[in-house]
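> got a predicted model here, sequence first, then my questions.
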Amino acid sequence: MILLDIFTFSGRLHPLIVHLPIGFILLATLFDVLSYLKRYRYLKQTVPLILLIGFIAAVLACVFGYLLSLSGEYDLETLRYHKFSGITLAIISGLLYGSATEMIKKHLRLSDKLFSVLLIGLVVLMSYSGHQGASLTHGNDYLSFRTLMHKEREKPTTVEQAMLFEDVIQPILQNKCVQCHREGKQKGKLSLETLLEIKKGGKSGPAVVAGKLDASELFRRITLDEGHKEFMPSDGKPPLTKNEVALIRWWIKEGGVGAGKTIAKLGNTTALKPKVALFLGIGGAADAGKDDAEISVAVNPDLPLSVDTMVINSMRNKGVRVRVMLNKPIMLDVTLPPKSTIKVADIKAELLKVAKSIVWLNLSDNQLTDAELDFLPALTNLEKLRLEKNLVTDRVSDYLVSLTSLEAVNLNETGITDATMLKLKKNPGIKRVYSWKTEVNEIE
């Protein structure tokens, strides 16, 4: 529903707005304290106005914070402390502003020292409220003795020494997923911090099921098309790389979603070892004499191991978003911003120079025609392509049918027909074609 979308969008403004009362209240306190010095006495008269702005900002932060809390993704106890301390902060800042106005002073006058003490107390309350808010964002243990004493695992020196879950799978989840699935913020009531919680799953069912990829909700979500509403990670966070997905796939299907075992103790690891070596950036006995370059090529032997960074910088300077998904070999995610004024002709030369390194390409909503996309066949390692909301027709299928690495293509709201679907069936690598709001009928 549109109304719910508005509430969700508004709630996400809370982290931005919440910094305004912090700044103004700190400034008011600083000016008030400095005003006790003779040379800065003139600052005293600015304190009420700064407090007023801080009060208004605090009220807005409370409103947007409440909307954000409606998502139900936060620890209720921590949320309650943060909510009530924030509301109390707004009320007290408003009262302190009122006490400094001439109208209130006629009936109730606070001494300068008492006012200053209350203002400093407000800063203390604000620090507490901020701590609770940070606990919601970063976890309840982000500022704890446990975090202080936590020791990072030593990086294994060989693939055989590496523990599949502890050294590979858990770091992947920690970097890409735990921010939204942990204690204090469990989207979908799912925590991915420990193996026990991963197996327990969330409201959508088990996160992983040993030996069953189709029953593992975690694997399903990370392998959806990026445009899908259930794709994870969400909210524009960096998706898992192809190698990271492959590692999780092996862990679920072959590794029994277990922990506590080194690669040396696992069976059938011929395909696993180069992927682990690539993730950890190590070689070792497991590589049978291969160097890092050869290990990297195991992901996709056709991907270049280097790229001209000046070409990437040139595209970025022209407004194209280029993300390096993997450095060795080079894997690029290229996005032309929606409704941009950038002409494909102006960036075609750069695209062709890095063509073999582009694995994800997003050209959606740019009114592009078939003729402008004639460079697509050169992107031989392209895996995901988004062309929705463009002026393309069935002719575009001629460019895609030869891309053997292509797995998913989004052609929603374009001019394609059944002819495109029939043509793309000649490419067995394409698993998903999105054709919403087109002339395509369901074709078996």
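Yep, it's here.
> gap between the two ends of stretch 94-105?
From its first residue to its last, stretch 94-105 covers 15 Å (CA to CA, to the nearest Å).
> next, the buried residues of that stretch.
By 16 or more other CB atoms under 10 Å, the buried positions in stretch 94-105 come out as 94, 96, 97, 98, 99, 100. Bear in mind the C-beta positions are built from the backbone N, C-alpha and C, glycine included.
> from the middle of its chain, how far away would that stretch be?
A distance of 44 Å separates the centroid of the chain from that of stretch 94-105, by CA atoms, centre = their mean, to the nearest Å.
> average pLDDT for it?
The average pLDDT within stretch 94-105 is 87.
> thinking again about what came up before, what is the nearest of the buried residues of stretch 94-105 to residue 333?
Within those, the smallest distance to residue 333 is 47.3 Å, found for residue 94 (CB to CB).
> chain neighbours aside, what residue packs nearest to residue 213?
Of all residues not flanking residue 213 in the chain, residue 219 sits nearest, at 5.2 Å (CB to CB, 6 or more residues apart in numbering).
> hmm, residue 250 and the one you found touching each other?
No - checked against CB atoms under 8 Å, the pair residue 219 and residue 250 is beyond contact range at 10.9 Å.
> verify the contact between residue 81 and residue 132 for me.
Yes - with contact defined as CB under 8 Å, residue 81 and residue 132 form a contacting pair (4.7 Å).
> who's more crowded, the two?
More crowded of residue 81 and residue 132, by other CB atoms under 10 Å: residue 132, with 21 against 17.
> residues contacting the more buried one?
For residue 132, the contacting residues are 78, 81, 82, 85, by CB atoms under 8 Å, 6 or more residues apart in numbering.
> in which helix or strand does it reside?
Using DSSP states H and E, residue 132 maps to helix 112-138.
> ok now that helix, how far from the chain's centre?
With CA atoms, centre = their mean, you get 30 Å for helix 112-138.
> and that helix, which residues are buried?
Result for helix 112-138 [16+ other CB under 10 Å]: buried residues 115-116, 119, 122-123, 125-126, 128-130, 132-136.
> now stretch 34-52
Applying 16+ other CB under 10 Å to stretch 34-52 flags 35, 43, 44, 47, 48, 50, 51, 52 as buried.
> who touches stretch 78-91?
Outside of stretch 78-91, the residues within contact range by CB under 8 Å, 6+ apart are 21, 25, 55, 58-59, 61-62, 65-66, 69, 122, 125-126, 128-129, 132-133, 135-136, 140, 184.
> can we see that at 7 Å?
Contacts with stretch 78-91, where a contact means CB atoms under 7 Å, 6 or more residues apart in numbering, come from 55, 58-59, 61-62, 65, 69, 122, 125-126, 128-129, 132-133, 135-136, 140, 184.
> same question for stretch 30-46.
For stretch 30-46, contacts defined as CB under 7 Å, 6+ apart pick out 47, 50, 116, 119.
> in the chain, which ranges drop under the pLDDT threshold?
Residues of the chain meeting the criterion pLDDT under 70: 1-9, 71-75, 138-153, 181-188, 235-237, 282-300, 442-444.
> domains of it?
As assigned by automatic domain parsing, the chain contains the domains 2-147, 164-297, 309-434.
> would you list the ones you listed in a markdown table and tack on distance to residue 440?
Putting the domains of the chain into a markdown table (distance: least, CB to CB, whole Å) gives the following:
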| stretch | distance to residue 440 |
| --- | --- |
| domain 2-147 | 27 |
| domain 164-297 | 17 |
| domain 309-434 | 6 |
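> which one of these lies nearest to residue 155?
Using CB to CB, the nearest of the domains of the chain to residue 155 is domain 164-297, at 6.8 Å.
> look up how far residue 40 lies from residue 353.
Note on residue 353: its distance to residue 40, by CB to CB, to the nearest Å, is 60 Å.
> how close does residue 118 sit to residue 92?
For residue 118, the distance to residue 92 equals 8 Å [CB to CB].
> for residue 206, same thing?
According to CB to CB, residue 206 stands 47 Å off from residue 92.
> cool, residue 342 as well?
50 Å.
> quick one: which of the two has more around it?
residue 92 (19 against 14).
> next, the angle from whichever helix or strand that one is part of to helix 112-138.
Per DSSP H and E: residue 92 is located in helix 76-99. Angle, helix 76-99 to helix 112-138, by axes from the mean of the first three to the mean of the last three CA atoms, to 10 degrees: 150 degrees.
> so which residues of the stretch 301-444 of the chain form strands?
With strands called from DSSP state E, counting those that start in this stretch, the stretch 301-444 of the chain shows them at 321-327, 330-335, 358-362, 384-386, 408-410, 432-434.
> okay if I get these as JSON lines plus mean neighbour count and distance to residue 31?
Output for the strands of the stretch 301-444 of the chain, formatted as JSON lines (neighbours: other CB atoms under 10 Å; distance: least, CB to CB, whole Å):
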{"stretch": "strand 321-327", "mean neighbour count": "15", "distance to residue 31": "42"}
{"stretch": "strand 330-335", "mean neighbour count": "22", "distance to residue 31": "45"}
{"stretch": "strand 358-362", "mean neighbour count": "22", "distance to residue 31": "49"}
{"stretch": "strand 384-386", "mean neighbour count": "23", "distance to residue 31": "52"}
{"stretch": "strand 408-410", "mean neighbour count": "24", "distance to residue 31": "54"}
{"stretch": "strand 432-434", "mean neighbour count": "18", "distance to residue 31": "57"}
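> what sits against residue 419?
Here residue 419 is in contact with residue 394 (CB under 7 Å, 6+ apart).
> ok, residue 384 next?
225, 226, 360, 407, 408.
> so in terms of bridging, what pairs with it?
Residue 384 forms beta bridges with residue 360, residue 408, as assigned by DSSP bridges.
> quick one: it from residue 245, how far?
In terms of CB to CB, residue 384 sits 12 Å off from residue 245.
> check residue 79 too.
Distance from residue 79 to residue 245, by CB to CB: 33 Å.
> same check on residue 267?
When CB to CB is the yardstick, residue 267 and residue 245 sit 22 Å from each other.
> give me the more crowded residue out of these two.
Comparing residue 267 with residue 245 by other CB under 10 Å, the one with more neighbours is residue 245, at 15 against 8.
> how near is residue 61 to residue 98?
Distance from residue 61 to residue 98, by CB to CB: 19 Å.
> ok, residue 371 next?
For residue 371, the distance to residue 98 equals 67 Å [CB to CB].
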